[in-house]
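Trainee: Can you look at this prediction? I've put the sequence above it.
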Amino acid sequence: MAKNKVVSKTRRANGEGSIYQRSDGRWAGYVNIGFDEKGNPKRKTVYGKSQTEVAKKLSEISGRIKSNSYELIENKTFGELMSEWLLVFKKSAVSPRTFEGIIINYRLHIEPQIGNMKLYDIDTFVIQKVINNLIDQGYSNNVIKKNKHLISQFFEYAIDNKWVIVNPTLKVKIRVHDRKVYDRSEKYKALPPEVRIKFLEALNKDESNFIKPICIVLMFAGLRIGEACALKWKNVDFENKTLKVERTITTIPKFDSDGNILNRVTVIGDTKTTCSVREIPIADIVVETLKTWKDKQALRQKTNKEVKADLTAPTSFIFANDDGSVRTYSGCRMIFDRFKRRNGLDKYNIHFHGLRHTFSNMFFEMNENPKVIQQLLGHRDVKTTITVYNSVDSEYVRQTTEKFNEKLKEDQLLLEKKERGEVIEDRKQKLISDMSDDEFDDMLEQLMRERRERKRRQKDFEM
């Protein structure tokens, strides 16, 4: 018997091809995909381990033929098709910053693994290998789920276009793997108490620009850097000690036709979430720092000819450039980095967002209600601050801020007391070092006489 002799054949409906089992046990099938230039029919043959597998492949080919997309699928790779979908459909459905994250994820994690494959060659097994590779490389569950979801969305689009019949991601499993051990050097973490003191001391010594007031707002009011840059003087109520967060700055990427970033533009827009719009009570340290900053801005306005804008008007940005324009994140970070180098703070990995984490941590150190912290920070959901933010009474939030304010005052008093003690001790040491031996002996003799006199008086009192 010839090796490839047909031993059985199944006729299907017109246009759906035929399926047969070969002599080697494998299944095969073919379907007419058109005609050549001489008018002869062209056939596409597929193979599989079972009749069902071959039938599925033939159905997919038939669907592509009926939707006039057969040539498209044959001539383009999965990567080309998915890139087109991202640029045409996904880009218009999300914000530019979200799309930037999506295109980076695709080009970093998906395209290198399966971009050169044909769409019809990608099944559940292939997708599972992609996911397993990401797990093995140590990526977080969040990153892995995002990539699986992105592939799934593309296959839903492919099903709508009759390119495939089923979504191969539906049976892909993501096992939960251990989280990374917390590394103190990781970005955006709260400052430990000993670093807080060094940082505040540096801010008090180095007041040459806006870095001190903006850092105080981040660290003791819990704002994001974008929210702080977008603050206007009308958002501060000095009398009632409140701060209103309404807007934020954000960097919007501009893309070319291939999805590459051309440039970035800083714009003022809505806050990160609707919950981020909030009016919060602020501690005295924030109030006093902003008052001092406003006075400095008013003085600069009068004495510096380069300042062309009204820097203290209600509608002016609190941390504006000299021309009144809003500061960019990159500009703030560059000045902040210079401040850290100047004061020897580089080694502590201090970042703007880490100051916001520090604000939150100080409340947790006080065993404060997480609901209060959520409202102060403007978080949206339970993942961030444990429970729903809007169930907290506003007066409770104010009382908590007052506790926080008292704690800061106590810390300041301790710091001042420590500094006074150091000054007195320094004076003592200087006084002793300047004395001659005879003067030092006279001082000791005088102290001994005073001690004997105190003991005598105490003895008389007891009698």
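Mentor: On my side now, so go ahead. Computed from a predicted model, the values in this text were never measured in an experiment.
Trainee: now the strands for the protein?
Mentor: Secondary structure of the chain (DSSP state E): strands located at 8-11, 18-21, 27-35, 41-48, 236-237, 242-245, 247-255, 261-270, 278-281.
Trainee: okay, and the helix or strand of the protein with the least pLDDT?
Mentor: Least confident element among the helices and strands of the chain, by mean pLDDT, DSSP states H and E: helix 382-385 (a mean of 45).
Trainee: how about low-confidence regions in the stretch 101-250 of the chain?
Mentor: Flagging of the stretch 101-250 of the chain using pLDDT under 70 yields the residue ranges 176-188.
Trainee: if we go to 80?
Mentor: 175-190, 207-208 (pLDDT under 80).
Trainee: between the strands of the chain, which gets nearest to residue 122?
Mentor: strand 41-48 (14.9 Å; CB to CB). C-betas here are computed from N, CA, C, even on glycine.
Trainee: buried residues in that closest one?
Mentor: Going by neighbour count (16 or more other CB atoms under 10 Å), the buried part of strand 41-48 is 44, 46, 48.
Trainee: these two touch, right, residue 294 and residue 233?
Mentor: Yes. In terms of CB atoms under 8 Å, residue 294 counts as a neighbour of residue 233; the distance is 7.1 Å.
Trainee: Please enumerate the helices of the stretch 101-250 of the chain.
Mentor: Along the stretch 101-250 of the chain, the stretches classed as helices by DSSP state H, counting those that start in this stretch are 111-114, 124-136, 141-160, 193-205, 211-221, 225-229.
Trainee: ok, residues contacting the last one?
Mentor: If I follow you right, that is helix 225-229. 214, 217-218, 245, 247-250, 271-272, 276, 317-319, 326-329, 332, 352-353 (CB atoms under 8 Å, 6 or more residues apart in numbering).
Trainee: for the first one, same thing?
Mentor: Helix 111-114 is contacted by residues 78-79, 82-83, 122, 126, 129-130, 133 when judged by CB under 8 Å, 6+ apart.
Trainee: top of these by neighbour count?
Mentor: residue 82 (25 neighbours; other CB atoms under 10 Å).
Trainee: can you pull the contacts of that one?
Mentor: 106, 110-111, 115, 154.
Trainee: Equivalent analysis for residue 402, please.
Mentor: Contacts of residue 402 (CB under 8 Å, 6+ apart): residue 281.
Trainee: Per-residue confidence, it, what does it come out as?
Mentor: Listed pLDDT for residue 402 reads 77.
Trainee: same question, residue 300
Mentor: Confidence score, pLDDT, at residue 300: 89.
Trainee: okay, now the nearest residue to it once chain neighbours are set aside: neighbour count?
Mentor: Once flanking residues are discounted, residue 300 sits nearest to residue 307: 5.5 Å by CB to CB, 6 or more residues apart in numbering. By the criterion of other CB under 10 Å, residue 307 has 17 neighbours.
Trainee: wouldn't residue 307 be in contact with residue 322 here?
Mentor: Yes. Counting by CB under 8 Å, residue 322 is a contact partner of residue 307 at 4.8 Å.
Trainee: What is the burial count for residue 40?
Mentor: So residue 40, with other CB under 10 Å, has 8 neighbours.
Trainee: before we move on, what about residue 346?
Mentor: 11.
Trainee: Same check on residue 335?
Mentor: So residue 335, with other CB under 10 Å, has 14 neighbours.
Trainee: try residue 74
Mentor: Residue 74 has 14 nearby residues by other CB under 10 Å.
Trainee: show me the contacts for the closest residue to it other than its chain neighbours.
Mentor: Leaving aside its sequence neighbours, residue 74 sits nearest to residue 118 (CB to CB, 6+ apart; 7.8 Å). Shown in contact with residue 118 (CB under 8 Å, 6+ apart): 73-74, 77-78.
Trainee: picking up where we left off before, and the residue nearest to residue 300, what does it touch?
Mentor: By CB under 8 Å, 6+ apart, the neighbours of residue 307 are 300-301, 322.
Trainee: In terms of pLDDT, where does it sit?
Mentor: 84.
Trainee: circling back: I'd like to know which of the helices of the stretch 101-250 of the chain is closest to residue 336.
Mentor: So among those, helix 211-221 is nearest, using CB to CB, at 6.0 Å.
Trainee: Could you export that closest one as PDB, CA atoms only?
Mentor: Taking C-alpha atoms only, helix 211-221 is exported to PDB below (Å, rounded to 0.1, in the frame of the first residue of the first chain):
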ATOM      1  CA  ILE A 211      11.900  72.900  46.000                       C
ATOM      2  CA  LYS A 212      11.200  73.400  49.700                       C
ATOM      3  CA  PRO A 213       7.500  74.500  49.400                       C
ATOM      4  CA  ILE A 214       6.600  71.900  46.700                       C
ATOM      5  CA  CYS A 215       8.300  69.100  48.700                       C
ATOM      6  CA  ILE A 216       6.400  70.200  51.900                       C
ATOM      7  CA  VAL A 217       3.100  70.000  50.000                       C
ATOM      8  CA  LEU A 218       4.000  66.500  48.700                       C
ATOM      9  CA  MET A 219       5.200  65.200  52.000                       C
ATOM     10  CA  PHE A 220       2.700  66.800  54.400                       C
ATOM     11  CA  ALA A 221      -0.400  67.100  52.200                       C
END
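Trainee: what sits up against it?
Mentor: Against helix 211-221 from outside (CB under 8 Å, 6+ apart): 199, 203-204, 206, 223-225, 228-229, 231, 243, 280, 282-283, 285-286, 289-290, 292-293, 318-319, 332, 335-336, 339, 352, 355-356, 358-359, 408.
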